[in-house]
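1. Here you go, sequence then predicted model.
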Amino acid sequence: MAMTIGLVATTAIAGDPARQRPRRVIAVATVTIDPAPTTTAIADSDVYGMTQADVDRTMDTLRADNVKAVRLMVPWAGVEATRGKLDWRTVDKTVNSAASRGLAVVAMVNSTPQWAVGPGGQYLSGRPASPEAYGEFVAKVVTRYLGKIAAVEIWNEPNAIYFYTPAPDPAGYVDLLKAAYPKIKAIDPSIEVLGASVGSVIDVHGMAINPVAFVTRMYAAGAKPNFDALTFHPYHYSLKFSAGVGIANSPVLQLMQIRQIMVANGDEAKKIWSTEYGQPVSSGGAARQHEFLADMLLKWQELPYTGPMFVYTTRDRRTGSLAADETVGIYNTDWTPKPAQPTVRAGASGTIAKSAEFVRFAAYTDEASGTPLSPVYRTTDNLWAQVRTVNTVYETAAGFVTSPNAVAIKAGLYVVSPVGPFADGYQDFNKANGLRVWYSPATGAHSGSGHMAAAWVPELGVALTDEAGGLTGTTMEFENGKITWTPWAGTRITWNAGHGPGATPTTTTSTVPTTPISTSQIPTTTLPTTPPPATSTPKPPAGNPIHAVLTLLGGLLGSLTGQR
């Protein structure tokens, strides 16, 4: 954190000697967070409500781990429980402790007071009845902590009912952005305004909107000029970040799709930060927590469009608990470090080296393939690959091979590797009984199994449909005819009028022995998506006015999510 103090001589006002003297002016402190994806920071909502001694010990620990930024909760309901009466004491403890140790603060402003909740909403999670009132409170936060806050995050995970009631509402959320953004910038233009704050969830009617759809609808509601970076929480307790490229609705695939939405809306210059990511020891043990965090810190930095990574969180609430949100710290409750702690410290110190596979892919500068969308990941046959904006790049024994992304998706959502280059409108892939994908921009990508590929001749043109059928026979349409397979007759080509040898229509029987297989399309089966830990509204001390309600809310959410 840098502070500038200047001595400024002001224009004298005639007849007022006091105003003729130079005045000592303290300029706005400039506190920033390095926006690079190699920045590793900590998100800690649990410090809200701790004793000053525990808050200070937490901040001292972060500094000892070379952490330079911390995300803190600033609950509106905790500060302004009664309209117009502001009690900053609990927030002062955390923000001032962090700032005094040189930690840049991300202030996540959430939690609606009862008096401000809109129709149908619940205390704390309810959509504010007046976005303007929320914006005014955010302005008060920025003014009070001017020079200590580097970024303001607008709400927390509004795409799920856990934190936004009566139901997720992208347009309603954008109203909060529109109310807060200009007020923040009028006070301190250097503050980063972080929008979306979406969690990695799947669609559940009335309860959750997947982040890709939520961000799409944010843009439709006019979000674009009202945030500086987008934030995403890529939690998944049973799937490593880099292992999800071939799994629909995985956090990494959602991240890639969000990036594509941003580019489509002209926001390619904006970054995606992760302001929360953690892995509880209660879900697989301390070694697994370390494995997942190490993978995230290594692979997140491989993406050119990502920003800082905030690990959740510093210390367990209750080590040994079976509850996810009580065992997600990188320190045990007694402050002993877990295996993940040295890796997080290395991330904060900037000493995590790039992976060998990333270095090789970075050297493959094929402009026609575009820029990276995914980290470098493993395919089903253990090759390395990377999705770029135009093509997917595979590292094979023969060198790098590319597939148009539409082809790579059709073959198996990027994780089935090709056996040769894409040429003459098709590409073959490494699957049992063969797999060929035909593609043109006009017709799209369509796939067929090995017997279709063996019977196909270039005169048929590219495929117009996927292979369809069952054990008694399959068929596939092409530009100039179709191929039919039956177990008793093998494959045959039926030409469209005006195509094929001899008179039309002409039927040619194939003698290639084939076995039907079920072609693999884009997977529709998804792993269960674990909701993120209920971290954004931790329990303050009993003396705090919102303690009882938070305790009740925690129990209710736990019964619904199984996470507490």
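-> Structure's in. What do you need? Numbering: from 1, shown residues only.

2. Please report the distance of the closest residue to G320 other than its chain neighbours from K338.
-> Spatial nearest neighbour of G320, excluding adjacent residues (CB to CB, 6 or more residues apart in numbering): T327 at 7.6 Å. C-betas here are computed from N, CA, C, even on glycine. In this view, T327 and K338 are 9 Å apart by CB to CB, to the nearest Å.

3. okay, and the common contacts of the two?
-> Contact with both T327 and K338 is made by residues V281, according to CB atoms under 8 Å, 6 or more residues apart in numbering.

4. Please, which helix or strand holds the closest residue in space to G444 that isn't next to it in sequence?
-> Of all residues not flanking G444 in the chain, A406 sits nearest, at 6.7 Å (CB to CB, 6+ apart). Element membership for A406 (DSSP states H and E) is helix 405-412.

5. Show me what that helix is packed against.
-> Here helix 405-412 touches strand 391-396, strand 426-429, strand 435-440, strand 444-449, going by 3 or more CB pairs under 8 Å, 6 or more residues apart in numbering; DSSP states H and E.

6. so V215 sits in a helix?
-> Yes - V215 sits within a helix when classified using DSSP: H, G, I helix; E, B strand; the rest coil.

7. What pLDDT is listed against it?
-> V215 carries a pLDDT value of 99.

8. Next, name the residue at the spatial heart of the protein.
-> The residue lying closest to the centre of the chain (CA atoms, centre = their mean) is F232, at 3.7 Å.

9. other SSEs contacting the helix or strand that contains it?
-> Here F232, judged by DSSP H and E, is contained in strand 229-233. Packing partners of strand 229-233 (3+ CB pairs under 8 Å, 6+ apart): strand 192-199, helix 251-264, strand 272-277.

10. Check which element follows the last one along the chain.
-> Spelled out, it's strand 272-277. helix 286-300.

11. re the thing from before, residues in contact with the residue nearest to G320?
-> T327 makes contact with 280-282, 316-321, according to CB under 8 Å, 6+ apart.

12. Report the beta-bridge partners for V401.
-> Note on V401: beta-bridge partners Y394, judged by DSSP bridges.

13. neighbours around it, how many?
-> The tally of other residues near V401 (other CB atoms under 10 Å) stands at 20.

14. Surely it touches P421?
-> Yes - judged on CB atoms under 8 Å, V401 makes contact with P421 at a distance of 5.6 Å.

15. How about the strand or helix carrying T90, which residues are buried there?
-> Taking DSSP H and E as the criterion, T90 maps to helix 89-100. For helix 89-100, burial by neighbour count (16 or more other CB atoms under 10 Å) applies to 90-91, 93-99.

16. Just put those in CSV and tack on pLDDT.
-> Formatted as CSV, the buried residues of helix 89-100 follow (pLDDT from 0 to 100):
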residue, pLDDT
T90, 98
V91, 99
K93, 98
T94, 99
V95, 99
N96, 98
S97, 99
A98, 99
A99, 98
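
17. Name the spans of this structure whose pLDDT lies under the cut-off.
-> 1-29, 502-564 (pLDDT under 70).

18. hang on, the earlier thing: the contacts of T327, buried ones only, as a ChimeraX selection?
-> Provided next is the ChimeraX selection string for whichever of these are buried by 16+ other CB under 10 Å:
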select :280,281,282,316,317,319,321
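
19. nearest to L62, of the helices and strands packed on strand 229-233?
-> The minimum distance between L62 and the helices and strands packed on strand 229-233 falls on strand 272-277, with 15.5 Å, by CB to CB.

20. relative orientation of that closest one and strand 192-199 in degrees?
-> On the basis of axes from the mean of the first three to the mean of the last three CA atoms, to 10 degrees, strand 272-277 is oriented at 60 degrees to strand 192-199.

21. Can you tell me what sits against strand 272-277?
-> 35, 43, 71, 106, 108, 153, 194, 197, 229-235, 255, 258-259, 262, 293, 296, 300, 305-312, 532, 535.

22. Now, of those, which are buried?
-> Those of these that meet the buried threshold are 43, 71, 106, 108, 153, 194, 197, 229-235, 255, 258-259, 262, 293, 296, 300, 305-312, 532, 535, by 16+ other CB under 10 Å.

23. Now for the nearest residue to N96 once chain neighbours are set aside, how many residues are close by?
-> Nearest non-adjacent residue to N96, counting by CB to CB, 6+ apart: K148, 7.4 Å away. Using other CB under 10 Å, K148 is surrounded by 19 other residues.

24. and if you look at N496?
-> Counted with other CB under 10 Å, N496 comes out at 17.

25. Just read off the phi/psi values of it.
-> When read as degrees, to the nearest 10, the backbone of N496 gives phi -70, psi 160.

26. Please spell out which residues along stretch 42-52 are buried.
-> Neighbour counts over stretch 42-52 (16+ other CB under 10 Å) mark 42-50 as buried.

27. and the gap between G195 and M262?
-> Using CB to CB, one gets 11 Å for the distance from G195 to M262.

28. so what's in contact with these two at the same time?
-> Jointly contacting G195 and M262 under the rule CB under 8 Å, 6+ apart are L230.

29. Can I get stretch 161-181 in CSV? Just the C-alpha atoms.
-> Output of stretch 161-181 as CSV, limited to C-alpha atoms (Å, rounded to 0.1, in the frame of the first residue of the first chain):
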residue,chain,number,x,y,z
ILE,A,161,-31.1,-18.6,-3.0
TYR,A,162,-28.6,-19.2,-0.2
PHE,A,163,-27.6,-15.6,-0.4
TYR,A,164,-30.3,-13.9,-2.5
THR,A,165,-34.0,-14.2,-1.8
PRO,A,166,-36.8,-14.5,-2.8
ALA,A,167,-35.1,-16.0,-5.8
PRO,A,168,-32.0,-15.2,-8.0
ASP,A,169,-32.7,-12.3,-10.3
PRO,A,170,-29.9,-11.1,-12.6
ALA,A,171,-31.7,-7.9,-13.5
GLY,A,172,-32.3,-7.1,-9.9
TYR,A,173,-28.7,-7.7,-9.1
VAL,A,174,-27.6,-5.4,-11.9
ASP,A,175,-29.7,-2.7,-10.3
LEU,A,176,-27.4,-3.0,-7.3
LEU,A,177,-24.4,-2.6,-9.6
LYS,A,178,-25.9,0.4,-11.3
ALA,A,179,-26.6,2.0,-7.9
ALA,A,180,-23.2,1.4,-6.4
TYR,A,181,-20.7,1.8,-9.3
